[in-house]
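Engineer: quick one, fold the following:
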Amino acid sequence: MSGELESAALWKPSKKQMFKSDLPWQPVTLFYQERQDDTLMLIWNMCPRYTQLRSSANDLQEVRKLHEDSKQLFAELSNFTGMPITTVDDVSSLYATLSAEEHMNLTLPEWIKNYYPDKLISFTLFELQLNTYRDDFRRLKGGPMLKKFTNDMLAKRRGTLQPKERKMFMYIGHDSTIVTLLDTMHIWHNQMPYYNIMTMIELHEDEGEWNIQIFLRNTTAHDPYPMKIPGCDIICPLDKFMEIMKPVIPDNWEEECKVNNNYTTPSPPPP
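Structural biologist: The predicted structure is shown next:
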């Protein structure tokens, strides 16, 4: 839906293209990968090694401690919802559902006032952190998207990007996919991602020098603001950016994703 809305705003039809006088809209082709084939954003089914890492996150010592300390809260939420709430993933999923219902102006149950949003936010943020818990997580989860746009930028600098007049790539994802990309670049500061969150990664040429600038808009109430890559300036030279990002850009993602042939991919956590 986000892609369709943005396409409608970007490519308004001429008078000749309009087929309904009060609808300034024309069909625009959007390309997508089905979830089981996704190699850029969710990547769950296409990267078994990442699936192993993320599935084992609940065995991490700090996660086990959080689960142990939160047993009473989990029991209360399970009782009210009628669903088993036993992990931070479960709480994050509940938060996402309640947030969506609230934004659709649906009436939330009375009991939820004692829990939502304050008691659930920290679990949701923690769950987002687990997706990119360490650099090996980041390399497999956020690395493919990072590699895609850096390769496109290098091609633009070489003059080999096709079509030659291309000005922009636009990717439509989820709040968690944007957090994954930002945290892979070490510029997510544990802020809650809201609806309409957007990041812009810009390539600039200035007198033969190429640089990257990154902006984040996490709310429609404020303009996008610049993000500073650790070890670089807000205006970051492309070559320096590539050097900084090298540890989290996979050389051969398909090979790095391989595991034992007997491995069965479990169900994914919330997107």
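Engineer: quickly find the element holding Phe137.
Structural biologist: Taking DSSP states H and E as the definition, Phe137 sits inside helix 135-141.
Engineer: contacts for that helix?
Structural biologist: Contacts with helix 135-141, where a contact means C-beta atoms under 8 Å, 6 or more residues apart in numbering, come from 43, 47, 49-50, 53-54, 131-132, 180, 183-184, 247-250, 253, 256-257. Yep, even glycine has a C-beta here, placed from its N, CA and C like the rest.
Engineer: wasn't Ser176 part of a helix?
Structural biologist: Yes. Counting by DSSP: H, G, I helix; E, B strand; the rest coil, one finds Ser176 located in a helix.
Engineer: hang on, it packs against Met192?
Structural biologist: No. The pair Ser176 and Met192 fails to qualify as a contact (C-beta atoms under 8 Å) at a distance of 11.5 Å.
Engineer: between those two, who's got more neighbours?
Structural biologist: Comparing Ser176 with Met192 by other C-beta atoms under 10 Å, the one with more neighbours is Ser176, at 22 against 16.
Engineer: relative to Leu128, how far out is that one?
Structural biologist: Distance of Ser176 to Leu128, computed by C-beta to C-beta, to the nearest Å: 6 Å.
Engineer: so what sits against both of these two?
Structural biologist: Pro193.
Engineer: pLDDT at Phe19, what is it?
Structural biologist: Here, the pLDDT recorded for Phe19 equals 85.
Engineer: tell me, how many residues neighbour it?
Structural biologist: 9.
Engineer: next one: Glu209
Structural biologist: Counted with other C-beta under 10 Å, Glu209 comes out at 11.
Engineer: again, but for Val259
Structural biologist: 13.
Engineer: now it, nearest residue through space, not along the chain?
Structural biologist: Pro48 (4.4 Å; C-beta to C-beta, 6 or more residues apart in numbering).
Engineer: ok, the one you found touching Lys258?
Structural biologist: Yes. With contacts defined as C-beta under 8 Å, Pro48 counts as touching Lys258 at a distance of 7.0 Å.
Engineer: so between those two, which is more surrounded?
Structural biologist: The residue with more neighbours, out of Pro48 and Lys258, is Pro48; 18 against 12, by other C-beta under 10 Å.
Engineer: ok, now which ones touch Thr188?
Structural biologist: Quick fix: residue 188 is Trp, not Thr. Val179, Leu182.
Engineer: and if you look at the one 10 residues further on?
Structural biologist: Met198 sits next to Ile178, Leu216, Arg217, Pro224 when contact means C-beta under 8 Å, 6+ apart.
Engineer: sort out which of those residues are in helices and list them.
Structural biologist: Among the contacts of Met198, the members falling in helices (DSSP state H) are Ile178.
Engineer: would JSON lines of the contacts of Met198 with pLDDT and distance to Tyr32 be doable?
Structural biologist: Below are those laid out as JSON lines (pLDDT from 0 to 100; distance: C-beta to C-beta, whole Å):
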{"residue": "Ile178", "pLDDT": "94", "distance to Tyr32": "17"}
{"residue": "Leu216", "pLDDT": "96", "distance to Tyr32": "24"}
{"residue": "Arg217", "pLDDT": "93", "distance to Tyr32": "23"}
{"residue": "Pro224", "pLDDT": "94", "distance to Tyr32": "25"}
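Engineer: show me where this structure has helices.
Structural biologist: So, for the chain - with DSSP H - the helices run 2-10, 48-55, 61-69, 71-81, 88-103, 118-131, 135-141, 143-158, 175-184, 238-245, 253-256.
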